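Trainee: Let me see the structure of the following:
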Amino acid sequence: MKKLFLPLALFGLSLTLQAQEYEFQTIKDLDTTPVVSQGKTGTCWSFSTSSFLESEIIRNTGQFIDLSEMYNVRQVYPLKIDNYITRNGKTQFGQGGLAHDVINSIRHNGIVPIEVFSGKLGKEEYNHTELFKVLKSVLDAYTSSPTISANWKPITENILDTYIGKPITEFTYEGKKYTPLSFMKKVGINPDDYITITSFKNQYPYKPFILNIPDNFSNGSLYNLPLEEYIANIDYALDQGYTLSLDCDVSEVTFSAKHGVAFIAENSEDNNKGLTQIISEKQITEQLRLEEFYNYNTQDDHLMHITGKVKDQKGNVYYKVKNSWGNNSERIGNDGYIYMSVAYMKLKSISVLLNKKGLQPNTAKKLAIQ
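Mentor: Numbers count the residues shown, from 1 in each chain. Modelled structure (predicted):
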């Protein structure tokens, strides 16, 4: 028995050394506004991209301005309604959208601070459950008729006014009058500065294409890059001081808002362990990424905001990703942020929207972007 004691003790010590709880250290932390909650809505696309624009304003002007997410939502809903009506209900109608929907909206409608358009209409939290049910039932009633009444537009506008608010055309901010477009110019936002990049092996490299996913109702284009170059451009943008709006899959058991981490375990047996401890991760290839997309294991579930990087005590790098599910410490880890591993970003991200100045120069040249 004595002969076995030392080897067993060494084995136990080895296990203890291998099982290391996360200790994160900041690598890059770019300025952004506080974490907020999208409430009971499917409008993460506006929350993530509005947060992204807030960081752009900080970078441009040094001002921390809380933008109205619901102003964007209010402007985009009529476009989604028009798309559903003109396609006679033969397409998806949902609360979701993509980052480029916000960029397309602000090009025509500008941006406003949340003080002048909250979209809550006296409510404590955002809740679009009833709004969506009412809209969907009205639209389905119209599209199921042999002919569509011309009343669909004023009626749906009235519904949006009731649940979100009437769009504003002028407001006062810090003692000065603005239109949403003049305010956007004042804070240095130019919609033409932003593009979306992605990586899909089955598409032509360095060319734009329309990704056929349900929430891409506006048929926005994404620039395609090889996977390693896609990741390299995310890293380069952060290094140059540019944040990014992220579209990704969050349905994995290894994406945990409670623990504030996201990873891809090399062995599924480590899925639970990896929530609190460093584990070995899977090597992600372009082929695996494509297969996961086509077997529906990777879908565009959620949009968030990449604002920096951290590393664990073994030197593994994670992206610091700002979520929009609040920061209740009892159920949300890392103060409302997700520390997302490189493997998770490679496999489960759909795309990122960024300032084109944040592209690697060689990539920008290949994409013919100036």
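
Trainee: tell me the average confidence for stretch 296-310?
Mentor: Stretch 296-310 carries an average pLDDT of 97.

Trainee: Please save the CA atoms from that stretch in CSV.
Mentor: Output of stretch 296-310 as CSV, limited to C-alpha atoms (Å, rounded to 0.1, in the frame of the first residue of the first chain):
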residue,chain,number,x,y,z
TYR,A,296,-28.2,23.9,-39.1
ASN,A,297,-25.9,23.5,-36.1
THR,A,298,-24.7,27.1,-36.8
GLN,A,299,-27.4,29.7,-37.3
ASP,A,300,-27.7,33.5,-36.9
ASP,A,301,-29.3,33.3,-33.4
HIS,A,302,-28.0,36.5,-31.9
LEU,A,303,-26.0,39.7,-32.5
MET,A,304,-23.5,41.2,-30.0
HIS,A,305,-20.6,43.6,-30.0
ILE,A,306,-16.9,42.7,-29.9
THR,A,307,-15.0,45.3,-27.8
GLY,A,308,-11.7,43.8,-26.9
LYS,A,309,-9.7,40.7,-25.9
VAL,A,310,-8.7,38.8,-22.8
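
Trainee: Centre of the chain to that stretch, how far?
Mentor: Centre-to-centre, stretch 296-310 and its host chain are 6 Å apart (C-alpha atoms, centre = their mean, to the nearest Å).

Trainee: Can you give me the buried ones in it?
Mentor: 298-310 (16 or more other C-beta atoms under 10 Å). Bear in mind the C-beta positions are built from the backbone N, C-alpha and C, glycine included.

Trainee: Quick one: neighbours of residue 188, just the number.
Mentor: The local packing of residue 188 (other C-beta atoms under 10 Å) involves 13 other residues.

Trainee: ignore the last one, residue 99
Mentor: If you count neighbours by other C-beta under 10 Å, residue 99 ends up with 25.

Trainee: Now do the same contact list for it.
Mentor: Residue 99 is in contact with 45, 48-49, 52, 196, 245, 247, 303, 351, 353, counting by C-beta atoms under 8 Å, 6 or more residues apart in numbering.

Trainee: pretty sure residue 167 contacts residue 109?
Mentor: Yes. If you go by C-beta atoms under 8 Å, residue 167 and residue 109 touch, sitting 7.4 Å apart.

Trainee: Any idea what residue 26 is bridged to?
Mentor: residue 310 (DSSP bridges).

Trainee: My error: substitute residue 222 in the last question.
Mentor: Under the criterion used (DSSP bridges), residue 222 bridges to residue 209.
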